[in-house]
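>>> Quick one, structure for this:
(one chain, ligands or ions: 1)
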Amino acid sequence: MKILILNGPNLNLLGEREPNIYGNISFETYLDQLRKRFQQLEINFKQSNHEGELIDCLHKADKEVNAVILNAAAYTHTSIALADAVNAIKTPVIEVHISNVFAREEFRKQSYIAPVAKGVITGFGLQSYALAIQSILDDNN
Ligand code: DQA
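Numbers count the residues shown, from 1 in each chain. Got it, this is the predicted structure:
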């Protein structure tokens with residue numbers, strides 16, 4: 001089974017960016033841990049700071065992977081286009097966030113992705129990604 005982890009804007013700075021909120025390890029380091037833990041899966045990974053590129057990745061993922069784990073970062077709260085792309089594809093998309101978006105500023109409580117996602121996991125640090133993967137595995141058993 002193949003999955004895609006798709007990270008949006010500023011998540012290339014994980015480990016350096018606001019470490020009090022997002023922790024101090026890079027996503028690449030965490031990805032190594034995920035790949036070791038879930039060896040039965042092919043875990044593809046893409047990060048982009050560009051809305052259109054994220055949309056292109058979702059369209060491509062529809063033909064290539066069994067599920068997408070999407071952290072659309074700030075686009076979660078702004079992008080109707082990204083929500084439309086999630087809705088347009090058949091592959092299930094799980095929305096994840098590192099921080100608990102409901103415990104932060106008001107504007108982070110709104111997600112355009114959540115209504116079209118399979119589910120949402122938020123606030124477990126980087127482990128939000130592992131929980132999303134586990135949910136995909138449990139679903140396929
Ligand atoms: C985030 C939460 C978003 O509100 C924020 O814009 C991010 C990261 C998270 O993973 O906690 O960039 O998606």
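
>>> Going by C-alpha atoms from here, please, whenever you check contacts or count neighbours.
Will do.

>>> Touching the helix or strand harbouring Asp84 from outside, list them.
Using DSSP states H and E, Asp84 sits within helix 80-88. With contacts defined as CA atoms under 8 Å, 6 or more residues apart in numbering, helix 80-88 is touched by 51, 54-55, 58-59, 75, 93, 112-113, 116-117.

>>> and if we set it to 7 Å?
Contacts with helix 80-88, where a contact means CA atoms under 7 Å, 6 or more residues apart in numbering, come from 55, 58, 93, 112-113, 116.

>>> how far is that helix from where the chain is centred?
Centroid separation between helix 80-88 and its chain, computed with CA atoms, centre = their mean, to the nearest Å, is 14 Å.

>>> Next secondary structure element downstream of that helix?
Per DSSP H and E, the helix or strand that comes after helix 80-88 is strand 93-97.

>>> and the angle for that following strand with helix 80-88?
Interaxial angle, strand 93-97 versus helix 80-88 (axes from the mean of the first three to the mean of the last three CA atoms, to 10 degrees): 140 degrees.

>>> No further queries at this time; thank you.
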